[in-house]
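# everything below, folded, please.
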Amino acid sequence: MPETDRRFAGAIPEIYDTYFVPLIFAPYAGDLARRVAAAEPAAVLETAAGTGAVTRALAPLLRDDCRYVVTDLNPAMLDRARSRQPADPRITWAQADAMALPFDDASFDVVCCQFGAMFLPDRPAGYREARRTLRPGGRFVFNVWDRLEENVFTEVIVAAGAAVFPDDPPDFFARIPHGYHKVEQIRADVAAAGFASVEIETVARESVAPDPEQAATALCQGSPMRNEIEARDPARLDEVTRRAAAALASRFGPGPIAGKIQAHVVTALK
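Below is the predicted model:
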């Protein structure tokens, strides 16, 4: 995986959190938080926490005595998450690689991860690492995006990037966020990590934005697609964003817009 696919730095964390999280991540953060809280865990580990969308949704639902460890590989993203979270003695923040977690075996009742599994260089190995940190009977709860065609705003943005760079289209979204969507492959990878049972539910939600410009900014400038565009020609970032906004306006209208998003939610038991 190119380093640009995992680089969430510079202007990205703020744009990601301000525009991208409300656009597509917030609806699933609430869903994941409810699933985790239903287990009434005494200890939770969150990996690939990003700017804290799940953290903000989950913390109010956890027991007063719950230990909640929030991690991410990217310091800039974790700093943003920490700055948005009210002071909470239950929460510990730590930079950590989900492929090599710095925690003892059998330390947590639940490990959760929102839209981070797609970035793992070896998914079964990453899932084994999550399983290692779980207590017997613990659960691993995570979600991944369904195919690009089920996530219409992103599909439009990918096409806009290809129109600007037809010979070398930015393909981050197709390769990574929407490149790991086959349920049978996900199930096989989780089973290969040694989990006793695997349940996968496909969940559709609606993505909303106040206007096409904000949606285009979120997707083009608040994600590693920005790194791809700037690697090709940094002067054309605004052009791609404008084209994406125009394409969204043409399809969904110039005012507030709404479109389908869809993801798979996985619950695996140790």
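# please name the residues that touch the closest residue to A193 other than its chain neighbours.
Nearest residue to A193, sequence neighbours excluded (C-beta to C-beta, 6 or more residues apart in numbering): Y127, at 3.5 Å. Just so you know, the C-beta spots here come from the backbone N, C-alpha and C atoms, and that holds for glycine as well. Y127 is in contact with A117, F140, D189, V190, A192, A193, F195, A268, counting by C-beta atoms under 8 Å, 6 or more residues apart in numbering.
# do you know how far Y127 is from V190?
6 Å (C-beta to C-beta, to the nearest Å).
# overlap in contacts of those two?
With C-beta under 8 Å, 6+ apart, Y127 and V190 have common neighbours F140, A268.
# show me where this structure has strands.
43-47, 67-72, 91-95, 108-114, 134-145, 197-209, 257-269 (DSSP state E).
# among these, which comes closest to L219?
When the strands of the chain are compared by C-beta to C-beta, strand 197-209 sits nearest L219, at 9.8 Å.
# which non-adjacent residue is nearest the spatially most central residue of the chain?
Geometric centre of the chain, nearest residue: F115, 2.9 Å, by C-alpha atoms, centre = their mean. Closest residue to F115 apart from its sequence neighbours, by C-beta to C-beta, 6+ apart: N143 at 6.1 Å.
# burial count for that neighbour?
26 (other C-beta atoms under 10 Å).
# identify the bridge partners of it.
On the basis of DSSP bridges, N143 is bridged to Q114, V265.
# isn't it right next to Q114, touching?
Yes. Using C-beta atoms under 8 Å, N143 is in contact with Q114, at 5.9 Å.
# which residues are in contact with each of those two?
Common neighbours of N143 and Q114, using C-beta under 8 Å, 6+ apart, are Y28, L32.
# can you map out the helices along this protein?
Along the chain, counting by DSSP state H, helices occupy 12-15, 26-37, 53-58, 75-84, 123-132, 152-164, 172-175, 183-192, 212-221, 225-232, 237-252.
# those: which one's closest to V69?
With respect to V69, and counting by C-beta to C-beta, the nearest of the helices of the chain is helix 53-58 at 10.5 Å.
# mind giving me the packing neighbours of that closest one?
helix 26-37, strand 43-47, strand 67-72, strand 108-114 (3 or more C-beta pairs under 8 Å, 6 or more residues apart in numbering; DSSP states H and E).
# could you dump the ones you listed into CSV with mean neighbour count, distance to H178 and mean pLDDT added?
Shown next, in CSV, are the helices and strands packed on helix 53-58 (neighbours: other C-beta atoms under 10 Å; distance: least, C-beta to C-beta, whole Å; pLDDT from 0 to 100):
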stretch, mean neighbour count, distance to H178, mean pLDDT
helix 26-37, 20, 14, 97
strand 43-47, 26, 20, 98
strand 67-72, 23, 21, 98
strand 108-114, 27, 15, 98
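# how about TSV for the ones you listed, with distance to L101 added?
Formatted as TSV, these follow (distance: least, C-beta to C-beta, whole Å):
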stretch	distance to L101
helix 26-37	17
strand 43-47	7
strand 67-72	8
strand 108-114	9
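# right, and the ones you listed - which one's nearest Q262?
Comparing the helices and strands packed on helix 53-58 by C-beta to C-beta, helix 26-37 comes nearest, at 10.0 Å.
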